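Visitor: missing the sequence, but the structure's below:
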(Lines give C-alpha, C1' and ligand atoms only; values in the text may rest on other atoms or scores of the structure.)
Protein backbone atom coordinates (compact mmCIF):
# COMPACT_ATOMS: atom_id res chain seq x y z
CA UNK A 1 0.00 0.00 0.00
CA UNK A 2 1.29 3.56 -0.60
CA UNK A 3 1.97 6.21 1.99
CA UNK A 4 0.16 9.49 1.93
CA UNK A 5 2.31 12.49 1.84
CA UNK A 6 1.58 15.66 3.79
CA UNK A 7 0.24 17.32 0.70
CA UNK A 8 -2.51 14.82 0.45
CA UNK A 9 -0.88 12.48 -2.12
CA UNK A 10 0.47 9.05 -1.68
CA UNK A 11 4.02 7.92 -1.86
CA UNK A 12 4.99 4.56 -3.23
CA UNK A 13 7.35 2.27 -1.46
CA UNK A 14 9.99 3.10 -3.95
CA UNK A 15 9.49 6.75 -3.41
CA UNK A 16 9.61 6.22 0.26
CA UNK A 17 12.78 4.33 -0.13
CA UNK A 18 14.21 6.95 -2.37
CA UNK A 19 13.23 9.84 -0.22
CA UNK A 20 16.37 10.84 1.56
CA UNK A 21 16.46 11.81 5.03
CA UNK A 22 13.05 10.40 5.83
CA UNK A 23 12.66 7.92 8.56
CA UNK A 24 10.15 5.18 8.45
CA UNK A 25 8.67 3.70 11.53
CA UNK A 26 9.48 0.07 12.12
CA UNK A 27 5.98 -1.10 11.74
CA UNK A 28 5.61 0.59 8.50
CA UNK A 29 8.99 -0.77 7.38
CA UNK A 30 7.89 -4.26 8.16
CA UNK A 31 4.67 -3.73 6.32
CA UNK A 32 6.45 -2.38 3.38
CA UNK A 33 8.82 -5.31 3.37
CA UNK A 34 6.09 -7.84 3.57
CA UNK A 35 4.21 -6.20 0.78
CA UNK A 36 7.29 -6.13 -1.30
CA UNK A 37 8.00 -9.71 -0.48
CA UNK A 38 4.50 -10.75 -1.45
CA UNK A 39 4.74 -8.85 -4.69
CA UNK A 40 8.11 -10.41 -5.42
CA UNK A 41 6.83 -13.83 -4.64
CA UNK A 42 3.76 -13.43 -6.79
CA UNK A 43 5.92 -11.94 -9.49
CA UNK A 44 8.21 -14.86 -9.23
CA UNK A 45 5.36 -17.30 -9.37
CA UNK A 46 3.70 -15.64 -12.33
CA UNK A 47 7.00 -15.07 -14.13
CA UNK A 48 8.19 -18.60 -13.39
CA UNK A 49 5.05 -20.14 -14.80
CA UNK A 50 4.82 -17.93 -17.85
CA UNK A 51 8.52 -18.02 -18.69
CA UNK A 52 8.76 -21.71 -19.63
CA UNK A 53 5.59 -21.58 -21.74
CA UNK A 54 6.85 -18.64 -23.75
CA UNK A 55 10.21 -20.24 -24.21
CA UNK A 56 8.60 -23.42 -25.47
CA UNK A 57 6.42 -21.45 -27.81
CA UNK A 58 9.38 -19.49 -29.03
CA UNK A 59 11.43 -22.66 -29.48
CA UNK A 60 8.63 -24.39 -31.33
CA UNK A 61 8.14 -21.32 -33.44
CA UNK A 62 11.82 -21.22 -34.18
CA UNK A 63 11.80 -24.95 -35.01
CA UNK A 64 8.77 -24.56 -37.23
CA UNK A 65 10.31 -21.61 -38.93
CA UNK A 66 13.57 -23.46 -39.40
CA UNK A 67 11.68 -26.55 -40.60
CA UNK A 68 9.73 -24.45 -43.04
CA UNK A 69 12.91 -22.78 -44.15
CA UNK A 70 14.62 -26.21 -44.52
CA UNK A 71 11.62 -27.59 -46.39
CA UNK A 72 11.48 -24.61 -48.64
CA UNK A 73 15.26 -24.84 -49.08
CA UNK A 74 14.96 -28.53 -49.96
CA UNK A 75 12.15 -27.79 -52.35
CA UNK A 76 14.15 -25.02 -53.88
CA UNK A 77 17.19 -27.26 -54.11
CA UNK A 78 15.14 -30.09 -55.58
CA UNK A 79 13.54 -27.62 -57.91
CA UNK A 80 16.95 -26.35 -58.89
CA UNK A 81 18.12 -29.95 -59.40
CA UNK A 82 14.95 -30.92 -61.24
CA UNK A 83 15.15 -27.94 -63.52
CA UNK A 84 18.50 -28.95 -65.04
CA UNK A 85 17.39 -32.59 -65.15
CA UNK A 86 14.23 -31.62 -66.98
CA UNK A 87 16.23 -29.35 -69.20
CA UNK A 88 18.71 -32.18 -69.84
CA UNK A 89 15.87 -34.61 -70.56
CA UNK A 90 14.26 -32.11 -72.87
CA UNK A 91 17.62 -31.50 -74.49
CA UNK A 92 18.12 -35.25 -74.91
CA UNK A 93 14.65 -35.64 -76.38
CA UNK A 94 15.20 -32.79 -78.76
CA UNK A 95 18.64 -34.17 -79.69
CA UNK A 96 17.17 -37.62 -80.25
CA UNK A 97 14.39 -36.10 -82.29
CA UNK A 98 16.92 -34.16 -84.32
CA UNK A 99 18.99 -37.30 -84.81
CA UNK A 100 15.96 -39.39 -85.68
CA UNK A 101 14.80 -36.92 -88.25
CA UNK A 102 18.07 -36.96 -90.23
CA UNK A 103 18.28 -40.72 -89.73
CA UNK A 104 14.91 -41.08 -91.34
CA UNK A 105 16.00 -38.71 -94.02
CA UNK A 106 19.26 -40.57 -94.34
CA UNK A 107 17.49 -43.90 -95.00
CA UNK A 108 16.41 -42.92 -98.50
CA UNK A 109 19.72 -41.18 -98.88
CA UNK A 110 21.49 -44.41 -97.94
CA UNK A 111 19.26 -46.32 -100.32
CA UNK A 112 20.03 -43.80 -103.01
CA UNK A 113 23.73 -43.98 -102.21
CA UNK A 114 23.65 -47.79 -102.20
CA UNK A 115 21.67 -47.73 -105.40
CA UNK A 116 24.23 -45.40 -106.90
CA UNK A 117 27.02 -47.68 -105.65
CA UNK A 118 25.33 -50.85 -106.90
CA UNK A 119 24.51 -49.26 -110.21
CA UNK A 120 28.17 -48.75 -111.13
CA UNK A 121 28.95 -52.14 -109.64
CA UNK A 122 26.33 -53.74 -111.84
CA UNK A 123 27.57 -51.72 -114.77
CA UNK A 124 31.14 -52.73 -114.03
CA UNK A 125 30.13 -56.38 -113.62
CA UNK A 126 28.19 -56.19 -116.85
CA UNK A 127 31.21 -54.56 -118.46
CA UNK A 128 33.45 -57.33 -117.14
CA UNK A 129 31.01 -59.97 -118.38
CA UNK A 130 30.87 -58.36 -121.81
CA UNK A 131 34.66 -58.08 -121.78
CA UNK A 132 34.93 -61.77 -120.88
CA UNK A 133 32.52 -62.65 -123.64
CA UNK A 134 34.49 -60.48 -126.01
CA UNK A 135 37.71 -62.13 -124.92
CA UNK A 136 36.22 -65.61 -125.21
CA UNK A 137 34.91 -64.80 -128.65
CA UNK A 138 38.18 -63.06 -129.62
CA UNK A 139 38.26 -60.46 -132.33
CA UNK A 140 37.56 -61.76 -135.73
CA UNK A 141 41.16 -62.42 -136.67
CA UNK A 142 40.91 -64.11 -139.98
CA UNK A 143 44.05 -66.22 -140.18
CA UNK A 144 45.48 -67.05 -143.50
CA UNK A 145 44.96 -70.63 -144.43
CA UNK A 146 47.98 -72.73 -143.64
CA UNK A 147 48.70 -73.38 -147.29
CA UNK A 148 51.81 -71.31 -147.83
CA UNK A 149 53.69 -74.38 -149.03
CA UNK A 150 50.77 -76.07 -150.73
CA UNK A 151 49.30 -74.84 -153.98
CA UNK A 152 45.66 -74.72 -155.00
CA UNK A 153 44.16 -73.81 -151.61
CA UNK A 154 41.25 -71.38 -151.49
CA UNK A 155 41.13 -68.31 -149.22
CA UNK A 156 39.27 -68.46 -145.94
CA UNK A 157 35.97 -66.65 -145.52
CA UNK A 158 35.54 -63.86 -142.97
CA UNK A 159 33.47 -65.29 -140.13
CA UNK A 160 33.53 -64.20 -136.49
CA UNK A 161 34.26 -67.13 -134.16
CA UNK A 162 31.06 -67.95 -132.26
CA UNK A 163 31.04 -70.70 -129.66
CA UNK A 164 27.86 -72.78 -129.95
CA UNK A 165 25.62 -71.79 -127.05
CA UNK A 166 22.55 -74.02 -126.65
CA UNK A 167 23.17 -75.25 -130.18
CA UNK A 168 20.31 -77.10 -131.78
CA UNK A 169 20.78 -80.44 -133.48
CA UNK A 170 20.27 -78.89 -136.90
CA UNK A 171 22.79 -76.14 -136.18
CA UNK A 172 25.34 -78.71 -135.00
CA UNK A 173 24.93 -80.76 -138.17
CA UNK A 174 25.33 -77.68 -140.35
CA UNK A 175 28.40 -76.47 -138.48
CA UNK A 176 30.06 -79.90 -138.52
CA UNK A 177 29.51 -80.35 -142.24
CA UNK A 178 30.74 -76.85 -142.97
CA UNK A 179 33.96 -77.55 -141.05
CA UNK A 180 34.45 -80.71 -143.10
CA UNK A 181 33.94 -78.77 -146.36
CA UNK A 182 36.50 -76.18 -145.25
CA UNK A 183 38.99 -78.92 -144.38
CA UNK A 184 38.39 -80.57 -147.77
CA UNK A 185 39.47 -77.31 -149.41
CA UNK A 186 42.60 -77.18 -147.24
CA UNK A 187 43.53 -80.87 -147.67
CA UNK A 188 42.29 -81.90 -151.13
CA UNK A 189 45.08 -84.48 -151.28
CA UNK A 190 44.26 -86.11 -147.91
CA UNK A 191 44.95 -89.85 -147.95
CA UNK A 192 46.01 -92.58 -145.55
CA UNK A 193 49.54 -91.73 -144.47
CA UNK A 194 50.74 -95.33 -144.54
CA UNK A 195 52.61 -96.71 -147.51
CA UNK A 196 50.95 -99.84 -148.95
CA UNK A 197 50.50 -101.64 -152.23
CA UNK A 198 47.67 -104.00 -151.24
CA UNK A 199 45.19 -104.73 -148.49
CA UNK A 200 47.56 -107.09 -146.66
CA UNK A 201 50.29 -104.47 -146.42
CA UNK A 202 47.76 -101.84 -145.27
CA UNK A 203 46.42 -104.23 -142.61
CA UNK A 204 49.89 -105.03 -141.24
CA UNK A 205 51.04 -101.39 -141.39
CA UNK A 206 47.94 -100.22 -139.49
CA UNK A 207 48.55 -102.76 -136.73
CA UNK A 208 52.16 -101.60 -136.46
CA UNK A 209 51.15 -97.91 -136.25
CA UNK A 210 49.82 -98.30 -132.70
CA UNK A 211 51.82 -96.16 -130.21
CA UNK A 212 54.12 -94.80 -132.91
CA UNK A 213 54.07 -92.47 -135.93
CA UNK A 214 53.10 -93.37 -139.45
CA UNK A 215 56.50 -92.07 -140.51
CA UNK A 216 58.30 -94.66 -138.37
CA UNK A 217 56.06 -97.44 -139.72
CA UNK A 218 56.68 -96.32 -143.32
CA UNK A 219 60.41 -96.42 -142.67
CA UNK A 220 60.14 -99.95 -141.23
CA UNK A 221 57.73 -101.79 -143.51
CA UNK A 222 59.93 -101.77 -146.67
CA UNK A 223 62.32 -104.24 -145.00
CA UNK A 224 59.45 -106.29 -143.58
CA UNK A 225 57.49 -106.63 -146.81
CA UNK A 226 60.68 -107.04 -148.81
CA UNK A 227 61.42 -110.23 -146.85
CA UNK A 228 57.84 -111.39 -146.11
CA UNK A 229 55.55 -110.10 -148.88
CA UNK A 230 52.57 -112.44 -148.29
CA UNK A 231 50.60 -113.75 -145.30
CA UNK A 232 52.05 -117.20 -145.90
CA UNK A 233 55.61 -115.85 -145.72
CA UNK A 234 55.05 -113.84 -142.61
CA UNK A 235 53.15 -116.60 -140.78
CA UNK A 236 56.09 -118.98 -141.34
CA UNK A 237 58.82 -116.46 -140.41
CA UNK A 238 61.27 -116.73 -137.52
CA UNK A 239 59.81 -114.54 -134.71
CA UNK A 240 63.25 -113.31 -133.65
CA UNK A 241 64.02 -112.08 -137.15
CA UNK A 242 60.67 -110.30 -137.34
CA UNK A 243 61.28 -108.72 -133.94
CA UNK A 244 64.59 -107.35 -135.07
CA UNK A 245 62.98 -105.77 -138.13
CA UNK A 246 60.15 -104.26 -136.09
CA UNK A 247 62.33 -102.98 -133.26
CA UNK A 248 62.24 -99.30 -134.49
CA UNK A 249 58.43 -99.31 -134.16
CA UNK A 250 58.45 -99.93 -130.43
CA UNK A 251 56.62 -102.73 -128.58
CA UNK A 252 58.24 -104.95 -131.20
CA UNK A 253 57.63 -108.27 -129.41
CA UNK A 254 53.89 -107.71 -129.01
CA UNK A 255 53.63 -106.38 -132.56
CA UNK A 256 55.55 -109.36 -133.93
CA UNK A 257 53.11 -111.67 -132.22
CA UNK A 258 50.13 -109.74 -133.67
CA UNK A 259 51.28 -109.56 -137.30
CA UNK A 260 52.38 -113.21 -137.38
CA UNK A 261 49.14 -114.25 -135.71
CA UNK A 262 46.88 -112.36 -138.14
CA UNK A 263 48.91 -113.72 -141.07
CA UNK A 264 48.36 -117.26 -139.83
CA UNK A 265 44.62 -116.56 -139.36
CA UNK A 266 44.36 -115.21 -142.91
CA UNK A 267 46.02 -118.34 -144.27
CA UNK A 268 43.96 -120.74 -142.21
CA UNK A 269 40.56 -119.01 -142.27
CA UNK A 270 40.47 -116.80 -145.36
CA UNK A 271 42.69 -118.47 -147.90
CA UNK A 272 45.48 -115.94 -147.46
CA UNK A 273 43.19 -113.03 -148.37
CA UNK A 274 42.13 -110.08 -146.27
CA UNK A 275 38.35 -110.25 -145.68
CA UNK A 276 36.21 -107.29 -146.68
CA UNK A 277 33.75 -107.48 -143.77
CA UNK A 278 34.00 -105.73 -140.44
CA UNK A 279 32.92 -108.75 -138.41
CA UNK A 280 35.67 -110.88 -139.99
CA UNK A 281 38.40 -108.30 -139.62
CA UNK A 282 37.84 -107.64 -135.90
CA UNK A 283 38.36 -111.37 -135.20
CA UNK A 284 41.96 -111.19 -136.40
CA UNK A 285 44.74 -110.84 -133.75
CA UNK A 286 45.58 -107.19 -133.05
CA UNK A 287 42.71 -105.82 -135.17
CA UNK A 288 40.05 -103.53 -133.71
CA UNK A 289 37.34 -101.34 -135.19
CA UNK A 290 39.75 -98.50 -135.97
CA UNK A 291 42.13 -100.76 -137.92
CA UNK A 292 39.23 -102.49 -139.61
CA UNK A 293 37.72 -99.18 -140.83
CA UNK A 294 41.10 -98.03 -142.16
CA UNK A 295 41.35 -101.19 -144.22
CA UNK A 296 37.72 -101.19 -145.34
CA UNK A 297 37.71 -97.52 -146.31
CA UNK A 298 41.04 -97.34 -148.08
CA UNK A 299 41.51 -100.85 -149.48
CA UNK A 300 37.90 -101.81 -150.23
CA UNK A 301 36.20 -98.43 -150.67
CA UNK A 302 33.71 -99.15 -147.89
CA UNK A 303 33.01 -96.06 -145.78
CA UNK A 304 34.10 -96.07 -142.18
CA UNK A 305 35.10 -93.60 -139.46
CA UNK A 306 38.62 -93.96 -138.06
CA UNK A 307 38.60 -92.84 -134.42
CA UNK A 308 42.26 -92.42 -133.55
CA UNK A 309 43.76 -90.10 -130.93
CA UNK A 310 43.69 -87.06 -133.26
CA UNK A 311 40.10 -87.67 -134.28
CA UNK A 312 38.96 -87.98 -130.66
CA UNK A 313 40.70 -84.79 -129.60
CA UNK A 314 39.38 -82.61 -132.42
CA UNK A 315 35.73 -83.70 -132.40
CA UNK A 316 35.55 -82.94 -128.69
CA UNK A 317 37.38 -79.65 -129.19
CA UNK A 318 34.85 -78.70 -131.85
CA UNK A 319 32.02 -79.79 -129.54
CA UNK A 320 30.67 -82.35 -131.95
CA UNK A 321 30.46 -84.81 -129.08
CA UNK A 322 31.22 -85.11 -125.37
CA UNK A 323 31.86 -88.85 -125.47
CA UNK A 324 35.24 -90.34 -124.60
CA UNK A 325 34.67 -93.96 -125.61
CA UNK A 326 35.82 -94.53 -129.22
CA UNK A 327 32.80 -96.64 -130.15
CA UNK A 328 30.36 -94.00 -128.83
CA UNK A 329 32.31 -91.23 -130.57
CA UNK A 330 32.11 -93.19 -133.81
CA UNK A 331 28.34 -93.59 -133.48
CA UNK A 332 27.65 -89.92 -132.68
CA UNK A 333 29.87 -88.53 -135.43
CA UNK A 334 28.49 -90.98 -137.98
CA UNK A 335 25.02 -89.58 -137.29
CA UNK A 336 26.16 -86.07 -138.31
CA UNK A 337 27.40 -86.99 -141.80
CA UNK A 338 26.27 -89.00 -144.78
CA UNK A 339 27.83 -92.44 -144.88
CA UNK A 340 29.61 -91.63 -148.12
CA UNK A 341 31.62 -88.91 -146.32
CA UNK A 342 32.91 -91.04 -143.46
CA UNK A 343 36.29 -92.09 -144.91
CA UNK A 344 37.27 -88.68 -146.27
CA UNK A 345 36.01 -87.03 -143.08
CA UNK A 346 38.40 -89.22 -141.10
CA UNK A 347 41.32 -88.15 -143.32
CA UNK A 348 40.44 -84.44 -143.05
CA UNK A 349 40.16 -84.47 -139.26
CA UNK A 350 43.31 -86.57 -138.72
CA UNK A 351 45.38 -84.48 -141.13
CA UNK A 352 44.26 -81.27 -139.47
CA UNK A 353 45.12 -82.65 -136.03
CA UNK A 354 48.61 -83.64 -137.14
CA UNK A 355 49.47 -80.39 -138.89
CA UNK A 356 47.68 -77.50 -137.17
CA UNK A 357 45.37 -78.45 -134.30
CA UNK A 358 48.01 -80.03 -132.06
CA UNK A 359 47.25 -81.55 -128.69
CA UNK A 360 49.45 -79.31 -126.54
CA UNK A 361 49.67 -76.07 -128.49
CA UNK A 362 47.29 -75.69 -131.42
CA UNK A 363 48.22 -73.11 -134.04
CA UNK A 364 44.98 -71.12 -133.76
CA UNK A 365 46.42 -68.09 -135.54
CA UNK A 366 47.08 -70.16 -138.67
CA UNK A 367 43.93 -72.27 -138.55
CA UNK A 368 41.65 -72.09 -141.61
CA UNK A 369 38.54 -72.97 -139.60
CA UNK A 370 39.20 -70.58 -136.70
CA UNK A 371 35.96 -68.66 -137.37
CA UNK A 372 33.99 -71.88 -136.87
CA UNK A 373 35.92 -73.29 -133.91
CA UNK A 374 34.48 -73.03 -130.37
CA UNK A 375 37.96 -73.69 -128.96
CA UNK A 376 39.66 -70.85 -130.81
CA UNK A 377 42.17 -69.21 -128.48
CA UNK A 378 43.33 -72.34 -126.68
CA UNK A 379 46.54 -72.17 -128.65
CA UNK A 380 48.76 -69.51 -130.21
CA UNK A 381 46.61 -66.82 -131.89
CA UNK A 382 49.40 -64.65 -133.25
CA UNK A 383 49.59 -65.53 -136.97
CA UNK A 384 53.38 -65.24 -137.22
CA UNK A 385 53.99 -67.33 -134.11
CA UNK A 386 51.30 -69.83 -135.13
CA UNK A 387 52.92 -70.44 -138.51
CA UNK A 388 56.04 -71.65 -136.75
CA UNK A 389 53.97 -74.42 -135.15
CA UNK A 390 52.80 -75.93 -138.45
CA UNK A 391 54.03 -79.40 -139.37
CA UNK A 392 54.73 -81.42 -142.51
CA UNK A 393 53.82 -79.76 -145.78
CA UNK A 394 52.01 -76.89 -144.00
CA UNK A 395 55.26 -75.90 -142.37
CA UNK A 396 57.40 -76.67 -145.41
CA UNK A 397 58.62 -80.03 -144.08
CA UNK A 398 58.53 -83.51 -145.62
CA UNK A 399 55.43 -85.62 -145.11
CA UNK A 400 55.13 -89.07 -143.53
CA UNK A 401 54.98 -91.24 -146.63
CA UNK A 402 58.03 -92.38 -148.51
CA UNK A 403 55.83 -92.99 -151.55
CA UNK A 404 53.05 -90.39 -151.35
CA UNK A 405 50.36 -90.13 -154.05
CA UNK A 406 50.98 -87.84 -157.00
CA UNK A 407 48.26 -85.41 -155.91
CA UNK A 408 50.22 -84.72 -152.76
CA UNK A 409 53.40 -84.09 -154.67
CA UNK A 410 51.55 -81.84 -157.14
CA UNK A 411 50.29 -79.74 -154.21
CA UNK A 412 53.86 -79.10 -153.06
CA UNK A 413 54.22 -81.97 -150.60
CA UNK A 414 57.55 -83.68 -150.05
CA UNK A 415 58.16 -87.41 -149.53
CA UNK A 416 59.58 -88.62 -146.23
CA UNK A 417 63.20 -89.78 -146.06
CA UNK A 418 63.89 -93.50 -145.64
CA UNK A 419 65.00 -94.98 -142.33
CA UNK A 420 68.48 -93.87 -141.42
CA UNK A 421 68.59 -91.13 -144.03
CA UNK A 422 68.26 -88.39 -141.39
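Guide: Yes, it's here. Quick caveat: nothing in here was measured; it's all calculated off a predicted structure. Numbers count the residues shown, from 1 in each chain.
Visitor: give me the low-pLDDT residue ranges for the stretch 301-422 of the chain?
Guide: 422 (pLDDT under 70).
Visitor: just so I have it, where are all the helices in it?
Guide: For the stretch 301-422 of the chain, the helices defined by DSSP state H, counting those that start in this stretch occupy 309-317, 326-334, 342-355, 383-387, 406-410.
Visitor: Quick one: list the elements packing against the third one.
Guide: By that I understand helix 342-355. helix 169-186, helix 289-299, helix 309-317 (3 or more CB pairs under 8 Å, 6 or more residues apart in numbering; DSSP states H and E). Every residue, glycine included, has its C-beta placed from N, CA and C.
Visitor: I'd guessed residue 377 sits against residue 364; true?
Guide: Yes: between residue 377 and residue 364 there is a contact at 6.1 Å, judged by CB atoms under 8 Å.
Visitor: for the protein, what spans make up the strands?
Guide: Assigned by DSSP state E, the chain shows strands spanning 3-4, 10-11.
Visitor: Tell me where the model's unsure across the chain.
Guide: For the chain (pLDDT under 70), the answer is 1-165, 422.
Visitor: hmm, 90 instead?
Guide: For the chain, the stretches with pLDDT under 90 are 1-166, 419-422.
Visitor: any idea which of the helices of the stretch 301-422 of the chain is most buried?
Guide: Among these, helix 342-355 has the highest mean neighbour count (mean count of other CB atoms under 10 Å), at a mean of 23.
Visitor: coming back round to it: neighbour-wise, which of residue 377 and residue 364 wins?
Guide: residue 364 (25 against 19; other CB atoms under 10 Å).
Visitor: got a list of what residue 246 touches?
Guide: 208, 220, 224, 252, 255, 256, 259 (CB atoms under 8 Å, 6 or more residues apart in numbering).
Visitor: Setting aside sequence neighbours, what's the nearest residue to it?
Guide: Closest residue to residue 246 apart from its sequence neighbours, by CB to CB, 6 or more residues apart in numbering: residue 252 at 4.2 Å.
Visitor: Repeat that for residue 281.
Guide: Leaving out its chain neighbours, residue 281 is closest to residue 292 (CB to CB, 6+ apart), at 3.9 Å.
Visitor: Next up, the contacts around that neighbour.
Guide: Applying CB under 8 Å, 6+ apart, the residues near residue 292 are 278, 281, 282, 304.
Visitor: Of those, which count as buried by neighbour count?
Guide: By neighbour count, with 16 or more other CB atoms under 10 Å, the contacts of residue 292 hold 281, 304 as buried.
Visitor: The contacts of residue 292 in helices, which ones?
Guide: 278, 281 (DSSP state H).
Visitor: Kindly indicate which of the contacts of residue 292 lies nearest residue 247.
Guide: Residue 247 lies nearest to residue 281 out of the contacts of residue 292, by CB to CB, at 26.6 Å.
Visitor: Quick check, the closest one in contact with residue 294.
Guide: No: applying CB under 8 Å, one finds residue 281 not in contact with residue 294, separated by 9.9 Å.
Visitor: re earlier: make TSV out of the helices of the stretch 301-422 of the chain and add distance to residue 288.
Guide: TSV is the format used below for the helices of the stretch 301-422 of the chain (distance: least, CB to CB, whole Å):
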stretch	distance to residue 288
helix 309-317	13
helix 326-334	9
helix 342-355	15
helix 383-387	35
helix 406-410	27
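Visitor: Residue 182 is nearest to which of those helices?
Guide: helix 342-355 (8.9 Å).
Visitor: contacting residues around that closest one?
Guide: With CB under 8 Å, 6+ apart as the criterion, helix 342-355 contacts 146, 180, 183-184, 186-187, 190-193, 293, 297-298, 303-306, 308, 310-311, 313-315, 333-334, 337, 359, 369, 390-395.
Visitor: quick one: contacts for residue 295?
Guide: 199, 202, 203, 206, 274, 281.
Visitor: cool, residue 298 as well?
Guide: Residue 298 touches 191, 192, 202, 343, counting by CB under 8 Å, 6+ apart.
Visitor: Now compare those and name the two farthest from each other.
Guide: 202 and 343 (13.0 Å).
Visitor: In contact with the nearest residue to residue 274 once chain neighbours are set aside, which residues are there?
Guide: Spatial nearest neighbour of residue 274, chain neighbours left out: residue 199 (4.1 Å); criterion: CB to CB, 6+ apart. Residues near residue 199 by CB under 8 Å, 6+ apart: 274, 295, 299, 300.
Visitor: Considering those, which possesses the most neighbours?
Guide: residue 295 (28 neighbours).
Visitor: what's the span of stretch 277-291 from first residue to last?
Guide: Terminal residues of stretch 277-291 lie 12 Å apart, using CA to CA, to the nearest Å.
Visitor: Go through it and flag the buried ones.
Guide: So for stretch 277-291, counting by 16+ other CB under 10 Å, buried means 281, 284, 286, 287, 288, 289, 290, 291.
Visitor: Which one of those is nearest to residue 411?
Guide: residue 290 (26.7 Å).
Visitor: about what we covered before: are any of the contacts of helix 342-355 buried, and which?
Guide: Listed as buried from the contacts of helix 342-355 are 146, 180, 183, 186-187, 190, 192-193, 293, 297-298, 303-306, 308, 310-311, 313-315, 333-334, 337, 369, 390-395; burial here means 16+ other CB under 10 Å.
Visitor: Correct me if wrong: residue 312 contacts residue 330.
Guide: No: counting by CB under 8 Å, residue 312 stays clear of residue 330, with 9.9 Å between them.
Visitor: Can you tell me how far residue 398 is from residue 392?
Guide: Distance of residue 398 to residue 392, computed by CB to CB, to the nearest Å: 7 Å.
Visitor: Equivalent analysis for residue 372, please.
Guide: 22 Å.
Visitor: I'd guessed residue 302 sits against residue 276; true?
Guide: Yes: between residue 302 and residue 276 there is a contact under CB under 8 Å: 7.0 Å.
Visitor: so what's in contact with the two at the same time?
Guide: By CB under 8 Å, 6+ apart, the residues touching both residue 302 and residue 276 are residue 296.
Visitor: Which two of the contacts of residue 292 have the greatest separation?
Guide: Checking those with CB to CB, the most distant pair is 282 and 304, at 11.8 Å.
Visitor: How about residue 272: what's its closest non-neighbour residue?
Guide: Leaving aside its chain neighbours, residue 272 sits nearest to residue 231 (4.9 Å; criterion: CB to CB, 6+ apart).
Visitor: That neighbour is in contact with residue 269, isn't it?
Guide: No: using CB under 8 Å, residue 231 makes no contact with residue 269, being 10.7 Å away.
Visitor: That's all I had, so thanks and see you.
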